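**Q** What would the 3D arrangement of this be:
(2 chains)
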Amino acid sequence: AQSVSQHNHHVILSEAASLELGCNYSYGGTVNLFWYVQYPGQHLQLLLKYFSGDPLVKGIKGFEAEFIKSKFSFNLRKPSVQWSDTAEYFCAVNARRGSTLGRLYFGRGTQLTVWP
Amino acid sequence: KAGVTQTPRYLIKTRGQQVTLSCSPISGHRSVSWYQQTPGQGLQFLFEYFSETQRNKGNFPGRFSGRQFSNSRSEMNVSTLELGDSALYLCASSLDGGVGSPLHFGNGTRLTVT
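**A** As a prediction, this is how the structure comes out:
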């Protein structure tokens, strides 16, 4: 079965600091990878996705993520965070073979708090 | 374009009762998935429907069931409620559940079982 690990449960940063949230998955085949964000009181929103091609993908609000196949990782980065980035971030994966995008395996989430 | 709508937003039930949750997908979306979110287990996949057929199912007991109607609206039913069923239930829709068709989530239904 697939699983997703997010290394940090809670990250606290000051504005303008750089951010990197770790995500590792376990699955031997080809995968689709996602980062979702949940702002306080709002629904889960897609931040960025990787299906194929360039392993460095750019998402909304200045976020990017790098897929490193050899490390089974898909870390999320942002060079300079803002107070408005305070939210919970979820990494998710699904397998290309034998399933659809409707079935995602999520990590436990990382709560990011940014102090102004 | 309206987003995914889930009703009701909050529910309080007692053990042994049953409950039905509703989800209206984004117009034109034909795939609807359900997830359970709890502090202990995180987000877990329940099932996915496409064109009124269950296409995928997660590892939940048979007390959890769902269906999809011809207009793509979906309902989820939980029978014989247990305390552990207390959770946020999220519905997500996509065009067809395929590559290039990411999920759009609703705000969820918060179910409390007492």
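
**Q** Point to the residue nearest the middle of chain B.
**A** residue B:34 (3.2 Å; Cα atoms, centre = their mean).

**Q** How about chain A?
**A** residue A:35 (3.2 Å).

**Q** Can you name the helix or strand that that one falls in?
**A** strand A:31-38 (DSSP states H and E).

**Q** ok, and what's touching that strand?
**A** A:2, A:23, A:25, A:44-51, A:59, A:63, A:65, A:67, A:74, A:76, A:87-96, A:101, A:104, A:106, A:109, B:99, B:102, B:105 (Cβ atoms under 8 Å, 6 or more residues apart in numbering or on different chains). In short, each C-beta sits where N, CA and C put it, glycine included.

**Q** what about residue A:65, distance to residue B:33?
**A** Relative to residue B:33, residue A:65 is positioned 22 Å away (Cβ to Cβ, to the nearest Å).

**Q** And these two? Which one has more around it.
**A** Taking other Cβ atoms under 10 Å in any protein chain shown, residue A:65 and residue B:33 do not tie; residue B:33 has more neighbours (30 against 26).

**Q** Okay, now the sheet partners of the strand holding residue A:35, with direction.
**A** Taking DSSP bridges as the criterion, strand A:31-38 sits next to strand A:45-50 (antiparallel), strand A:87-95 (antiparallel) in its sheet.

**Q** Tell me the helix or strand right after the first one.
**A** Spelled out, that is strand A:45-50. Taking DSSP H and E, what comes next after strand A:45-50 is strand A:56-58.

**Q** quick one: buried residues of that next one?
**A** Buried residues in strand A:56-58, counted by 16 or more other Cβ atoms under 10 Å in any protein chain shown: residue A:57.

**Q** Just list what it packs against, helices and strands only.
**A** strand A:45-50, strand A:64-68 (3 or more Cβ pairs under 8 Å, 6 or more residues apart in numbering or on different chains; DSSP states H and E).

**Q** can you tell which of those strands is closest to residue B:40?
**A** With distances scored as Cβ to Cβ, the stretch of the helices and strands packed on strand A:56-58 nearest to residue B:40 is strand A:45-50 (23.7 Å).

**Q** Would you mind pulling the contact partners of the closest one?
**A** A:32-39, A:57-61, A:63-65, A:67, A:74, A:76, A:89, B:102-105.

**Q** Got a PyMOL select line for the buried ones in these?
**A** Only the buried entries of the contacts of strand A:45-50 go into this PyMOL selection, using 16+ other Cβ under 10 Å:
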select buried, (chain A and resi 32+33+34+35+36+37+38+57+59+63+64+65+67+74+76+89) or (chain B and resi 102+103+104+105)
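
**Q** any chance of the strands paired with strand A:31-38 in a markdown table, plus mean pLDDT?
**A** Conversion of those to a markdown table gives the following (pLDDT from 0 to 100):
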| stretch | mean pLDDT |
| --- | --- |
| strand A:45-50 | 94 |
| strand A:87-95 | 92 |
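
**Q** With distance to residue B:90 as added columns, please give those in a markdown table.
**A** Converted to a markdown table, the strands paired with strand A:31-38 look like this (distance: least, Cβ to Cβ, whole Å):
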| stretch | distance to residue B:90 |
| --- | --- |
| strand A:45-50 | 12 |
| strand A:87-95 | 11 |
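
**Q** and these, which is most packed in?
**A** Comparing those by mean neighbour count (mean count of other Cβ atoms under 10 Å in any protein chain shown), strand A:87-95 ranks first with a mean of 22.
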